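A.B. asks: I'll drop the sequence and a predicted model, then ask my questions.
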Amino acid sequence: MVNHSVLARVGFVITASLLLAGLVAAPAGATAGKTKKSFFAGYSATSATATSVQATITLPTYTCKKGENLGPGIGAFDTTQNAWNQEFIYMACVKSGKKYVESYGGTAIEVDGLYTNPPLAMSAGDSIQFTTTCGGSGTVSTIEDLNTTQSVSHSSLNPSSCTDAGAGDLGITGKGPGGQSNLPKFGAIDYSNVTVNGSPIGSFTPDSSNYFEGKKNVITTGAISGGTDFVTTQG
């Protein structure tokens, strides 16, 4: 799910001049406090064949400065199409008057290497559910605000076979010391009901990773609780 130095394949979402690395396991040593950089905080079931991956997050309140951003979401690698199926929301920062303020509403969904950015009205405190299904009948990726029941999706009828399913916070290209955006101040993000193939992600002995892009851009991944829940905490 980050610097793909341990894998030959690389997945990227490129949209609106933003880039999100594909979801894979972090290289050894790519944790906070180490010199190696890691642009993902979360869990990946790297050894599992995935027919589905799902996670829900609670949108935090955050403050930000110009250019700060982060992309929480889910993803899985499609070995048939040799592409990532992944979906995120942008915790972006926009100018309002003389200040920069939080801006929920931007999404990125990749299926078969094709990217869409459907808008979805969201507010801090909302529960956002990410769902991707893979299989012989194709791929469907959906982002739904469970508070409003509004959703956006992208799909393909091309057969898919997925692996490396995971969920977590992903860096977005920017002007930080490692080439990613500096992080907004968000405190923590709660992930719940994280499943792969309908089973708790914890049952797959997933790999974990912390986010580290210099001392000011650090996210620590907490232990899995109940097999399905974890928290990513800034700092």
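C.D. replies: Right, received. Where do you want to start?
A.B. asks: I'd like the distance between Phe77 and Thr131.
C.D. replies: 17 Å (C-beta to C-beta, to the nearest Å). No exception for glycine: its C-beta is placed from N, CA and C like everyone else's.
A.B. asks: Have a look at those two and say which one is more surrounded.
C.D. replies: More crowded of Phe77 and Thr131, by other C-beta atoms under 10 Å: Phe77, with 28 against 19.
A.B. asks: sec struct for the more buried one, please.
C.D. replies: Following DSSP: H, G, I helix; E, B strand; the rest coil, we place Phe77 in the strand state.
A.B. asks: ok, it touching Cys162?
C.D. replies: Yes - if you go by C-beta atoms under 8 Å, Phe77 and Cys162 touch, sitting 6.3 Å apart.
A.B. asks: Common neighbours of those two, please.
C.D. replies: Shared contacts of Phe77 and Cys162 (C-beta atoms under 8 Å, 6 or more residues apart in numbering): Asn85.
A.B. asks: in this structure, which residue is closest to the centre?
C.D. replies: Gly73 (3.0 Å; C-alpha atoms, centre = their mean).
A.B. asks: Helix or strand: which one has the closest residue to that residue other than its chain neighbours?
C.D. replies: Excluding the flanking residues, the one nearest Gly73 by C-beta to C-beta, 6 or more residues apart in numbering is Phe88, at 3.3 Å. Element membership for Phe88 (DSSP states H and E) is strand 83-89.
A.B. asks: got it, and Asn182?
C.D. replies: Using DSSP H and E, Asn182 falls outside every helix and strand.
A.B. asks: Next, count neighbours for it.
C.D. replies: Look at Asn182: counted by other C-beta under 10 Å, it has 21 neighbours.
A.B. asks: do Asn147 as well
C.D. replies: Around Asn147 there are 13 residues (other C-beta under 10 Å).
A.B. asks: I figured Ile219 hits Val231, correct?
C.D. replies: No - in this structure Ile219 lies outside contact range of Val231 using C-beta under 8 Å: 10.3 Å.
A.B. asks: where are the low-confidence patches of the protein?
C.D. replies: For the chain, residues meeting the criterion pLDDT under 70 lie at 1-35.
A.B. asks: Gly202 should be in a strand, yeah?
C.D. replies: No - counting by three-state DSSP, Gly202 falls outside a strand, being helix.
A.B. asks: Ala223 is in contact with that one, correct?
C.D. replies: No - judged on C-beta under 8 Å, Gly202 makes no contact with Ala223 at a distance of 9.4 Å.
A.B. asks: Neighbour count for the two, which is higher?
C.D. replies: Using other C-beta under 10 Å, the more surrounded residue of Gly202 and Ala223 is Gly202, with 20 against 9.
A.B. asks: so who does that one touch?
C.D. replies: Gly202 is in contact with 224, 226-228, counting by C-beta under 8 Å, 6+ apart.
A.B. asks: now do Glu110
C.D. replies: Contact partners of Glu110, counting by C-beta under 8 Å, 6+ apart, are 11, 13, 75, 83-87, 141, 154.
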